[in-house]
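**Student:** Predicted model follows, preceded by the sequence.
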Amino acid sequence: MKSYIFFLFVFIYSCSEKTFSDTKPVNNFYEKAWEYLDKRENINAFIEFEKAKDYFLKERDSFGIGKCLMNMAIIQEKMGDGFGSQETAINALSYFNEKNIGHQDYLSTNYNTLGITASKLKNYNNAVKFYKKALSFTTNLQDKIIYQNNLANNYTKNKNYHQAIKIFSNTLKIDNHKDVNYARTLTNLAKTKWLQNPSYNPVTDFQKALKIRLKEKDLWGLNSSYAHLADYYSNNKTDSALFYAKKMYSVAKELKSPDDQIEALQKLIFLENPQNSKRYFTVYQKLNDSLQTARNKAKNQFALIRYETEKNKADFLKAKAESAERQNHIIQQYIVIGIVISLLILSTYIFKRRQKRLQQEKLLEVKNTELKISKKVHDKVANRIYQLMSQVENTEIIDKDSLLFGLENAYETSRDISYENKDINENQSFSEQLYNMLNSYSSDAVKFIPIGNNEKLWEGVSFQNKTEIYLVLQELMTNMKKHSQANIVSIKFSKDNSRINISYTDNGIGIKKLSPKNGLQNMENRINAIKGTIIFDTETNNLLKINISFPV
């Protein structure tokens, strides 16, 4: 058969055992796996490698895991599970350290396995990459010769004969010991030259390699030589081809290699007379069916082995978890009791703090209420009484009924404060309430001119801000009556870029100095509270101008 197949078995059963079986036991499963490999019981070896891998995993031994996966991939490849082998070998790569010299031989073997599976799956480009990686990690000359043969054979399969011949020729230069490796390279080179040029005669090199293999009793090599000679003579010397085909079949049976027996039978069916050909075909058909069944069974076994392993692992972990759960149950009970007690203590503490906070809030509320009432007394009662005093002062004939009405109104206002009624009614038109308040300061001596006060202007202004503006303007009008000696008062309202502007003007004597005692400081505080501004201008044409602006 082809030297590529020859390499596979030689590599697994000679190179691998010498290079990768550990002299120092790692765990019992790993050692037992190698015992099964020595007996060529591949399925049992695979099972033990799987168990050994789990043991290494428990021990956090990445190198051990990688070795198990590498050997499992070789077994899968040998038994025809190409895709499974490829998956396992790729998984193994993550457990090796490329910078660790002790790992590099294992890496080269693993990449070689990937190259073999990729080539068998006709993914020749990936196979080239894997073989080159294998070569980059090996320092062993014999392994290097094997990998170069594999790489060159892969080029031959892909009909890149020129590149294959170049590699085979270079390999012969570094290996001239006339041993089995030399015979393998010589045979592969002659075959490739013949495939490249059908007129080329490779028999001399084939026979030279055959003599070396006969001398060395290299059965796998003989199998390969007989296959190549049978192929060459099949087109011109049928008798010679038949002779070598029978030789190959005999060696293949001795090797117990079903693949090589099938290949030999195919040659015999083609070369023999009809009667013998029919007999060989029957054997071929039976052997081929048996081989396919065995390979399919192996593939299913690999999947089943992993399923059973994972299931047993899951059952073990489940039992362990249940045991841990029972052990933790008592601890959880104590924790719950501790949490309940802690919550009771915390709840009691929070309750007492809350009671104390509520008590403090009530005291603060009382103080705020007193402050609010004090402000309302100033803003509403005191200003109203002063308004009555001004009326009495400026009226020659006092209307008793009007005075009594005013006093009664001041009384009602003070009573409203005691009940904490609002300064303005939220449900009534603010523009109307504001106008009525402002207009109440007008008289025969004082003319009031409002501009722009309408309900649309106050849309979007909060009730609290309306109240503050109401009281500020009330304070302005009161100060006007007390101090300004004005006879014309104008208040203009406008809105610009989400701000309301109020311009107050009177023609009185003005205010030269801002004094907290006259209530103007209180106005400024209110405007600041609504994030507005108030500007006093007393220097223009002997007029008092006050500009107020605040955001809607």
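**Tutor:** Received it, and whenever you're ready, just let me know what you need.
**Student:** Off-centre distance for stretch 245-265?
**Tutor:** Its chain's average C-alpha position is 55 Å from that of stretch 245-265, according to CA atoms, centre = their mean, to the nearest Å.
**Student:** Going by neighbour count, which residues of that stretch are buried?
**Tutor:** Buried residues in stretch 245-265, counted by 16 or more other CB atoms under 10 Å: 245-249, 251-252, 255, 257-265. In short, each C-beta sits where N, CA and C put it, glycine included.
**Student:** Is S257 in contact with N223, as I believe?
**Tutor:** Yes: assessed by CB atoms under 8 Å, S257 is found in contact with N223 at 7.4 Å.
**Student:** returning to what we had before: counting only helices, which of the buried residues of stretch 245-265 make the cut?
**Tutor:** 245-249, 251-252, 255, 258-265 (DSSP state H).
**Student:** Output the below-cut-off pLDDT ranges for the stretch 401-550 of the chain.
**Tutor:** For the stretch 401-550 of the chain, the stretches with pLDDT under 70 are 408, 411-412, 414-423, 511-519, 538-541.
**Student:** how long is stretch 56-69 from one end to the other?
**Tutor:** Across its full length, stretch 56-69 reaches 11 Å between end residues, using CA to CA, to the nearest Å.
**Student:** Could I get the pLDDT score of the residue lying closest to N44 once chain neighbours are set aside?
**Tutor:** Excluding the flanking residues, the one nearest N44 by CB to CB, 6 or more residues apart in numbering is Y36, at 4.3 Å. Predicted confidence (pLDDT) for Y36: 90.
**Student:** neighbours around Y36, how many?
**Tutor:** Look at Y36: counted by other CB atoms under 10 Å, it has 18 neighbours.
**Student:** That one belongs to a helix, doesn't it?
**Tutor:** Yes: under DSSP: H, G, I helix; E, B strand; the rest coil, Y36 sits within a helix.
**Student:** For the residue nearest in space to the middle of the chain, grab phi and psi.
**Tutor:** For the chain, the residue sitting closest to the mean C-alpha position, by CA atoms, centre = their mean, is S94 at 20.6 Å. Dihedral pair for S94: phi -70, psi -10, per degrees, to the nearest 10.
**Student:** Same question for the one 10 residues further on.
**Tutor:** Its backbone dihedrals place Q104 at phi -70, psi -40, with angles given as degrees, to the nearest 10.
**Student:** Pretty sure it sits against Y111.
**Tutor:** No: judged on CB under 8 Å, Q104 makes no contact with Y111 at a distance of 10.4 Å.
**Student:** what sits in contact with each of the two?
**Tutor:** Shared contacts of Q104 and Y111 (CB atoms under 8 Å, 6 or more residues apart in numbering): F137.
**Student:** Let me see the contact set for L271.
**Tutor:** By CB under 8 Å, 6+ apart, L271 lies in contact with 230, 234, 238, 241-242, 245.
**Student:** which among those residues end up buried?
**Tutor:** Among the contacts of L271, those buried by neighbour count (16+ other CB under 10 Å) are 230, 234, 241-242, 245.
**Student:** how about the helices of the stretch 401-550 of the chain, start to end?
**Tutor:** Along the stretch 401-550 of the chain, the segments classed as helices by DSSP state H, counting those that start in this stretch run 430-439, 463-479, 520-529.
**Student:** mind checking how far the last one is from the chain centre?
**Tutor:** Pointing back at helix 520-529 there. Helix 520-529 sits 57 Å away from the centroid of its parent chain (CA atoms, centre = their mean).
**Student:** Would you mark the buried spots in that helix?
**Tutor:** The neighbour-count check on helix 520-529 (16+ other CB under 10 Å) flags 520, 523-524, 526-527 as buried.
**Student:** Who are the packing partners of it?
**Tutor:** helix 463-479, strand 533-540 (3 or more CB pairs under 8 Å, 6 or more residues apart in numbering; DSSP states H and E).
**Student:** One more: the second one?
**Tutor:** Helices and strands touching helix 463-479, as assessed by 3+ CB pairs under 8 Å, 6+ apart, comprise helix 383-394, helix 430-439, strand 499-506, helix 520-529, strand 543-551.
**Student:** That helix: which residues count as buried?
**Tutor:** Neighbour-count burial for helix 463-479 flags 465-479 (criterion: 16+ other CB under 10 Å).
**Student:** SS state for G80?
**Tutor:** Classification of G80 using three-state DSSP returns coil.
**Student:** burial measure for it, as a count.
**Tutor:** Neighbour count for G80, taken as other CB under 10 Å: 17.
**Student:** Also the one 10 residues further on?
**Tutor:** Using other CB under 10 Å, I90 has 14 other residues around it.
**Student:** Quick check: closest non-adjacent residue to it.
**Tutor:** Closest residue to I90 in three dimensions, ignoring its sequence neighbours and counting by CB to CB, 6+ apart: L114, at 7.1 Å.
**Student:** pretty sure that neighbour is touching K132, no?
**Tutor:** No: the criterion here is CB under 8 Å, and L114 misses it with K132 at 11.2 Å.
**Student:** which of these two has more neighbours?
**Tutor:** L114 (26 against 13).
**Student:** wait, what's in contact with E98?
**Tutor:** Residues in contact with E98 (CB under 8 Å, 6+ apart) are 104, 107, 137.
**Student:** same question, Y111
**Tutor:** With contact set as CB under 8 Å, 6+ apart, Y111 has these partners: 130-131, 133-134, 137.
**Student:** With pLDDT and distance to R353 added, can I get those in CSV?
**Tutor:** Compiled in CSV, the contacts of Y111 are given as follows (pLDDT from 0 to 100; distance: CB to CB, whole Å):
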residue, pLDDT, distance to R353
F130, 93, 72
Y131, 92, 77
K133, 92, 71
A134, 92, 74
F137, 91, 71
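**Student:** and of those residues, the nearest to I548?
**Tutor:** Ranked by distance to I548 (CB to CB), those are led by K133 at 83.9 Å.
**Student:** picking that back up, can you lay out the helices of the stretch 401-550 of the chain as a markdown table showing distance to P202?
**Tutor:** Listed next are the helices of the stretch 401-550 of the chain as a markdown table, based on distance: least, CB to CB, whole Å:
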| stretch | distance to P202 |
| --- | --- |
| helix 430-439 | 112 |
| helix 463-479 | 106 |
| helix 520-529 | 107 |
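**Student:** Please name whichever of those helices is nearest to W194.
**Tutor:** helix 463-479 (103.2 Å).
**Student:** who's in contact with the residue sitting furthest away from the middle of the chain?
**Tutor:** In the chain, the greatest distance from the average C-alpha position (CA atoms, centre = their mean) is reached by I397, at 91.4 Å. I397 makes no contacts at all, as judged by CB under 8 Å, 6+ apart.
**Student:** What's the separation between it and G406?
**Tutor:** 15 Å (CB to CB, to the nearest Å).
**Student:** same question, N425
**Tutor:** Distance from N425 to G406, counting by CB to CB: 21 Å.
**Student:** Please identify the helix or strand for N236.
**Tutor:** Following DSSP states H and E, there is no helix or strand that holds N236.
**Student:** Many thanks, I have nothing further to ask.
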